[in-house]
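**Q** Predicted model and sequence below, questions to follow.
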Amino acid sequence: MKLCRFNETRLGCVQDDTVLDVTAALDVIPGARWPLPARGDLLIRHLDAVRERVADLRAGAASHDVSEVTLCSPVANPTKLIGAPVNYQTHIDEAEADEGIVFDQNVIKPISESLCFLKACSSLVGPGQGVTRSFPNRRTDHELELAVVIGREARGIARERALDCVAGYTMGLDMTVRGAEDRSIRKSVDSYSVLGPWLTTADEIDDPNNLDLRLRLNGEVRQDSNTRHLIYDVQTLISKCSEFYTLLPGDVIYTGTPAGVGPVNPGDVLDCEIEGIGSMRVPVR
Ligand code: MN
């Protein structure tokens with residue numbers, strides 16, 4: 001099942017190029033008052049019940065063309081946006097060859113040493129909102145990545161059980177302003193974490209470590225790879241991260257970007273696609 005959030009408050013089920021409005025399925029999520037009774041995103045925490053209701057509602061649902069709706073981030077309230085740095089050898093190679101990427105870090109630490117970083121949740125947007133470039137005198141790069149959405153609380157998860165914790169997959173743009181600051185601030189600028197176009201539930205993806213991904217900048221292919229080239233694959237990322245913190249429903253892992261990163265400017269259009277998920281168009285302002 002492909003579930004999207006659209007037009008700010010609506011829930012959609014995507015079939016081909018059509019969005020079925022299944023917002024009424026949100027009624028199965030228990031109402032909550034502060035302090036919230038459980039941590040994590042409430043929709044993802046109750047995803048099984050929501051999906052059951054969506055299946056019932058589809059037949060009578062109003063429909064829209066995908067191109068006519070404004071797509072929001074498929075996860076509304078993650079507690080963590082986790083990023084994997086330098087997780088493709090081809091991106092390490094290009095970074096080491098380009099001072100504009102590495103800046104004053106003399107050595108790029110391998111992921112086995114650095115593991116992951118966090119992006120601020122306030123930077124999260126959907127493709128319909130697009131990226132607003134900040135710091136016009138500095139370079140902001142696109143990084144297309146497979147994004148994993150965690151489905152349940154998970155701590156100390158063995159690699160072999162890691163995929164049991166996944167709600168589904170989506171596409172992430174880990175936008176990055178180059179410079180000397182820590183990653184956690186350069187990758188957390190407002191609108192620099194794009195997620196979309198929807199959540200493809202885990203049952204639709206047989207092997208997340210074998211998906212083609214491609215990014216076009218203004219129609220020109222810039223990133224073109226496959227997740228089988230991940231250094232830490234999806235299971236390893238989940239397992240390693242869960243050694244340090246409890247993963248919660250709706251938490252997102254940006255799995256890292258392959259070669260081909262490069263600068264964006266206002267007016268640019270990023271067309272992103274990942275096999276099994278779909279495609280999204282993201283404008284840069
Ligand atoms: Mn990245």
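**A** Looks like it arrived, so ask away.
**Q** so what's Leu144 bridging to?
**A** Beta-bridge pairing for Leu144 (DSSP bridges): Leu173.
**Q** burial count for the residue nearest to Lys240 when sequence neighbours are not counted?
**A** Distance criterion CB to CB, 6 or more residues apart in numbering; nearest residue to Lys240, sequence neighbours excluded, is Leu115 at 5.9 Å. Where C-beta positions appear, they are placed from N, C-alpha and C, glycine not excepted. Leu115: 17 surrounding residues under other CB atoms under 10 Å.
**Q** and Leu11, helix, strand or coil?
**A** strand (DSSP: H, G, I helix; E, B strand; the rest coil).
**Q** ok, it - contacts?
**A** Leu11 sits next to 3-5, 21-23, 25-26, 43, 50, 54 when contact means CB atoms under 8 Å, 6 or more residues apart in numbering.
**Q** swap in Gly172?
**A** Neighbouring residues of Gly172 by CB under 8 Å, 6+ apart: 144-147, 193-195, 252, 254-255.
**Q** If we use 6 Å, what do you get?
**A** 145, 147, 195, 254 (CB atoms under 6 Å, 6 or more residues apart in numbering).
**Q** Looking at those, which are in helices?
**A** Using DSSP state H, no member of the contacts of Gly172 sits in helices.
**Q** just curious, which of these is nearest to Gly31?
**A** Among these, Leu195 lies closest to Gly31 (CB to CB), at 25.4 Å.
**Q** Could you pick out the residues of the stretch 151-285 of the chain near the ion for me?
**A** 174, 257 (CB under 5 Å from the ion).
**Q** How are the helices of the stretch 151-285 of the chain distributed by residue range?
**A** Using DSSP state H, counting those that start in this stretch, the helices of the stretch 151-285 of the chain run over residues 183-186, 234-244.
**Q** One more: the stretch 1-150 of the chain?
**A** With DSSP H, counting those that start in this stretch as the criterion, the stretch 1-150 of the chain has helices spanning 42-45, 47-57, 89-96, 99-102, 111-114.
**Q** ok, of the ones you listed, where does mean pLDDT dip lowest?
**A** With a mean of 79, helix 99-102 has the lowest mean pLDDT of the helices of the stretch 1-150 of the chain.
**Q** Touching that one from outside, list them.
**A** 95, 139, 178.
**Q** how about the residues you listed in JSON lines, adding distance to Pro78 and neighbour count?
**A** Formatted as JSON lines, the contacts of helix 99-102 follow (distance: CB to CB, whole Å; neighbours: other CB atoms under 10 Å):
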{"residue": "Ala95", "distance to Pro78": "27", "neighbour count": "19"}
{"residue": "Arg139", "distance to Pro78": "27", "neighbour count": "16"}
{"residue": "Arg178", "distance to Pro78": "25", "neighbour count": "19"}
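**Q** Kindly indicate which of those residues lies nearest Asp206.
**A** Among the contacts of helix 99-102, Ala95 lies closest to Asp206 (CB to CB), at 31.2 Å.
**Q** any idea how far Ser239 is from that closest one?
**A** Per CB to CB, to the nearest Å, Ala95 is found 25 Å from Ser239.
**Q** One more: Gly100?
**A** Separation of Gly100 from Ser239 (CB to CB): 33 Å.
**Q** Look at the two and report which has more neighbours.
**A** Comparing Gly100 with Ser239 by other CB under 10 Å, the one with more neighbours is Ser239, at 20 against 14.
**Q** Now the more buried one: closest residue in space, sequence neighbours ignored.
**A** Excluding the flanking residues, the one nearest Ser239 by CB to CB, 6+ apart is Arg159, at 4.4 Å.
**Q** Tell me which residues touch that neighbour, please.
**A** Arg159 makes contacts with 235-236, 239, as judged by CB under 6 Å, 6+ apart.
**Q** How about the spatially most central residue of the chain, nearest residue that isn't a chain neighbour?
**A** The centroid of the chain falls nearest to Gly172 when counting by CA atoms, centre = their mean (3.2 Å). Distances taken as CB to CB, 6+ apart put Ala147 closest to Gly172, at 3.5 Å, once the chain neighbours are dropped.
**Q** dump the residue contacts of the one you found.
**A** Ala147 touches 170, 172, 252, 254, counting by CB under 6 Å, 6+ apart.
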